[in-house]
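J.: take this sequence and fold it.
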Amino acid sequence: MRPREILPVDKIWLSDPMFWVRPFEEREGAFATLRRERPVSFHEELDTGIFPRGPGFWSLVKHEDVLLASRQPEIFCSGRGSNIADLPEPFLEFFGSMINMDDPRHARLRRIVSRGFTPRMIQRVEGQVQVKASSIVDRVLDKGRCDFVREIAAALPLEIICDMMGIPPSHHDFVFDRTNVILGAGDPEYVSDPARIVPSLLEAGSELSMLVQDLGRHRREHPSDDLTSALVNAEVEGERLSDSELGSFFVLLVVAGNETTRNAITHGLLALSDHPDQRAIWHADFDSIAPTAVDEIVRWATPVIHFRRTATRDTEIRGQKIREGEKVVLWYCSANRDEEVFADPFRFDVRREPNPHVGFGGPGPHFCLGAHLARREITVMFRELATRLPDIRAVGRPAKLASFFIHGIKHLDCEFTPGGRR
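T.: As a prediction, the model looks like this:
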């Protein structure tokens, strides 16, 4: 894949929905143009009819600038929202939890949550990844064809998170469907009526929150070895998670943990199918190449396209003045293709090293809490596929999520020799 630079810099409008339905090569070409000609650019916001039209935003498209903003949360804050649109304040905490907080509230919540991830809990979860991956492949082994997203890529992180929290298998489809609504609300497959987008978001978020709040109240009195028990009983300096904080954290955990990992795995299969030479290289020495291959998949996929920050005071980037209160958007998709950082960035290379991608966010307090688990899930799933379904490949065109926030694939047909290796 090579970028096609057909848009002049003055015609690139990153909030225009029509930009995001252009062929992928043209979108990549537009970001390449911005990186070269206007690395800090201002973009008007569109009136979506869902939330009030915003005042516009500055875009950072260079790797260096994304890192700069990520490392300075005191100047580029998260507490006013990580989405480009200005959401009502209840939305920020309900759907964003820690990612829409600044210190000291962010640090307090992260400390309490971190107490739940004990060494014993981490060891248990890592062991379950292999068990779940094997079980998932068992279920599709004899089919010869399946929807890779729903039956393989989405199944692993969903089952791991639900198992971590102590949510039984009978609720897995419920959780999966609600997370699809939250991150796919702009896609007609998940919310067909535009007038229902906000109510659907609130309903899906509330149902997920209530599910884990009810479980949390039970676990306070009847603790077990799951993460919900650890979280509701974790205490830092006399403070514990409230019911609403537990609910919001679960919404963040299940949405971010499910959506990003499943899309990385899906884009990974697509990339390996499109680049059989790279598949052959990885399969020839799976364990040695896995660390670089997994990070290349995350860079290539960049499941979260951007996050927003807000300037807390007047500042300047590359000579461009940014005023207090103005929005600044960090385009991870562009930073991960920066020609000054990545040699031949449009080449998929499972042995790429170094690979300082920002697929898990930039450095700083908001770096992804689940990055280690995501890497393990991706590694284990592709090892299972390489061992038991070595000829699995994507077929047909992927059904892409209508979103410029999540680089998502809703459905992807795959084929393989039935029976595989048991």
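J.: flag every buried residue along stretch 344-358.
T.: 345, 348-350, 352, 355, 357-358 (16 or more other C-beta atoms under 10 Å). C-beta here means a position set from N, CA and C on the backbone, and glycine is covered the same way.
J.: ok, which pair from the residues you listed is furthest apart?
T.: Val350 and Val358 (19.1 Å; C-beta to C-beta).
J.: my guess is Tyr190 is in a strand, correct?
T.: No: under DSSP: H, G, I helix; E, B strand; the rest coil, Tyr190 sits outside any strand and is assigned coil.
J.: the residue nearest to it when sequence neighbours are not counted: neighbour count?
T.: Once flanking residues are discounted, Tyr190 sits nearest to Gly184: 4.0 Å by C-beta to C-beta, 6 or more residues apart in numbering. By the criterion of other C-beta atoms under 10 Å, Gly184 has 20 neighbours.
J.: thought Gly184 was touching Phe405?
T.: No: counting by C-beta atoms under 8 Å, Gly184 does not reach Phe405; the two are 10.1 Å apart.
J.: ranges for the strands of this protein?
T.: With DSSP state E as the criterion, the chain has strands at 40-43, 57-60, 76-77, 145-147, 306-311, 315-317, 320-322, 327-331, 393-394, 399-400, 409-411, 413-415.
J.: which one of those strands lies closest to Gly205?
T.: strand 306-311 (18.7 Å).
J.: contacting residues for the residue nearest to Tyr190?
T.: Contact analysis of Gly184 by C-beta atoms under 8 Å, 6 or more residues apart in numbering lists 190-191, 401-403, 406, 408, 410.
J.: identify, from these, the entry nearest to Ala301.
T.: Gly408 (9.7 Å).
J.: show me what contacts Arg375?
T.: 294-295, 298 are the contacts of Arg375 under C-beta under 8 Å, 6+ apart.
J.: Val212: which of these is nearest?
T.: Looking across the contacts of Arg375 and measuring by C-beta to C-beta, the closest to Val212 is Val298, at 27.1 Å.
J.: tally of neighbours for the nearest residue to that closest one once chain neighbours are set aside?
T.: Leaving aside its sequence neighbours, Val298 sits nearest to Gly359 (C-beta to C-beta, 6+ apart; 3.7 Å). Using other C-beta under 10 Å, Gly359 has 25 other residues around it.
J.: ok, Gly359 touching Ala301?
T.: Yes: using C-beta under 8 Å, Gly359 is in contact with Ala301, at 6.9 Å.
J.: what do the two both touch?
T.: Counting by C-beta under 8 Å, 6+ apart, the residues touching both Gly359 and Ala301 are Ala264.
J.: so this protein: which segments form each domain?
T.: 1-102+305-358, 109-298+364-422 (automatic domain parsing).
J.: just put those in CSV and tack on mean pLDDT.
T.: What follows is the domains of the chain, written out as CSV (pLDDT from 0 to 100):
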stretch, mean pLDDT
domain 1-102+305-358, 93
domain 109-298+364-422, 91
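J.: residues contacting the nearest residue to Lys143 once chain neighbours are set aside?
T.: Using C-beta to C-beta, 6+ apart and skipping the chain neighbours, the partner closest in space to Lys143 is Pro418 (6.6 Å). Neighbouring residues of Pro418 by C-beta under 8 Å, 6+ apart: 141-144.
J.: how close does Pro418 sit to Thr387?
T.: 16 Å (C-beta to C-beta, to the nearest Å).
J.: check Trp13 too.
T.: For Trp13 relative to Thr387 (C-beta to C-beta), the value is 46 Å.
J.: report the longest helix in this protein, please.
T.: Counting by DSSP state H, the longest helix found in the chain is helix 243-274.
J.: now do the buried residues in that one.
T.: Buried-residue list, helix 243-274, by 16+ other C-beta under 10 Å: 243, 245-273.
J.: restrict stretch 1-20 to CA atoms and write it as CSV.
T.: What follows is stretch 1-20 as a C-alpha-only set of coordinates in CSV (Å, rounded to 0.1, in the frame of the first residue of the first chain):
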residue,chain,number,x,y,z
MET,A,1,0.0,0.0,0.0
ARG,A,2,1.3,3.4,-1.0
PRO,A,3,-0.3,6.8,-0.2
ARG,A,4,-1.9,8.8,-3.0
GLU,A,5,-1.5,12.5,-2.5
ILE,A,6,-4.4,13.9,-4.6
LEU,A,7,-5.7,16.6,-2.2
PRO,A,8,-3.9,20.0,-1.9
VAL,A,9,-3.2,20.9,1.7
ASP,A,10,-6.0,23.6,1.8
LYS,A,11,-8.6,21.0,0.8
ILE,A,12,-7.9,18.6,3.6
TRP,A,13,-10.7,18.8,6.2
LEU,A,14,-10.3,16.1,8.8
SER,A,15,-13.7,16.5,10.3
ASP,A,16,-15.5,16.0,7.0
PRO,A,17,-17.3,12.6,6.9
MET,A,18,-16.6,12.5,3.1
PHE,A,19,-12.9,12.5,3.8
TRP,A,20,-13.2,9.3,5.8
